[in-house]
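>>> 3D model of this:
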Amino acid sequence: MKLLVVEDEHKIANSIKKGLEQESYAVDVAYDGTTGFDLASSEDYDVIILDLMLPDMDGLDICKKLRASGNHTSILMLTAKGQVEDKVAGLNSGADDYLVKPFAFTELLARIKALSRRPKDSLGSVLSLSDLSLNTLTYDVTRSGVPLHLSRKEYALLEYLLRHSNTIVTKEQIINNTWDYDADILPNTVEVYIGYLRNKVDKPFPKSPRLIHTVRGFGYKIGLDK
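Alright, predicted model coming up:
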């Protein structure tokens, strides 16, 4: 999953980014409202974590403009304000949830997971294909009942593929959705990580169907052979 954090306090923003990356999310950060709005408008995110008070353009304006443009990405509003009227204003602007600072990271994480399971994501918390299963809540990955030990980036790549099972995804799509916006990633990096996944998902299970496929000239697909 790919998240956007829009927060002008660098220490808080970087702390959130670090914590979420340790949970296998790809995270972009914007430190002002204008940059945050531009990223939210041009990139594809699963959840936007949006501070209310921002330079240039505040969170309420960003929320309203995104919704007015037809952007329905789940938005979690962050703010030091805890009055009822502030919460109402945030929700009325189009936010999906509201979290008051200071907050526990575990609560932030739980709210992000809850937002990612809303109707936009109809796949639920367990993604499965054949005898392969990935639990987005516990991060457990198994095949034929055998636990698979994946790195954070391998997990993020497998989750993205499973969310688009039986669909061809390009290297560019994979990079945009599993690495940060400013990450300096070369296309062959995707090939390397696809290789890592094959070595853990397919090769140890010769009696199970091969799931990860290269579609020459287009990209990759996870699915059963037709």
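>>> the helices in this structure, which residues?
Taking DSSP state H, the helices of the chain run over residues 10-21, 33-42, 59-68, 84-92, 105-116, 152-163, 171-178, 187-201.
>>> Tabulate these (CSV), appending distance to residue 213.
Backbone N, C-alpha and C define where each C-beta goes, glycine included. Putting the helices of the chain into CSV (distance: least, CB to CB, whole Å) gives the following:
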stretch, distance to residue 213
helix 10-21, 28
helix 33-42, 30
helix 59-68, 36
helix 84-92, 43
helix 105-116, 26
helix 152-163, 10
helix 171-178, 14
helix 187-201, 10
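>>> what about those helices, which gets the closest to residue 135?
Proximity to residue 135 (CB to CB) singles out helix 152-163 among those, at 10.1 Å.
>>> buried ones in that closest one?
Applying a neighbour-count criterion of 16 or more other CB atoms under 10 Å, one finds 153, 154, 155, 156, 157, 158, 159, 160, 161, 162, 163 buried in helix 152-163.
>>> Was I right to think the fourth one contacts residue 3?
No: between residue 156 and residue 3 there is no contact under CB atoms under 8 Å: 11.2 Å.
>>> got any residues that touch both of those two?
25, 26 (CB atoms under 8 Å, 6 or more residues apart in numbering).
>>> Need the nearest residue in space to residue 129, chain neighbours excluded.
residue 165 (5.3 Å; CB to CB, 6 or more residues apart in numbering).
>>> and the one you found, how many neighbours?
17 (other CB atoms under 10 Å).
>>> ok, it - contacts?
127, 129, 222, 223.
>>> TSV for the residues you listed, including neighbour count?
Below are those laid out as TSV (neighbours: other CB atoms under 10 Å):
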residue	neighbour count
127	18
129	18
222	24
223	19
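>>> For those residues, could you give me CSV that also reports pLDDT?
Output for the contacts of residue 165, formatted as CSV (pLDDT from 0 to 100):
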residue, pLDDT
127, 86
129, 91
222, 95
223, 92
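>>> Of those residues, which belong to strands?
Among the contacts of residue 165, the ones falling in strands (DSSP state E) are 127, 129, 222.
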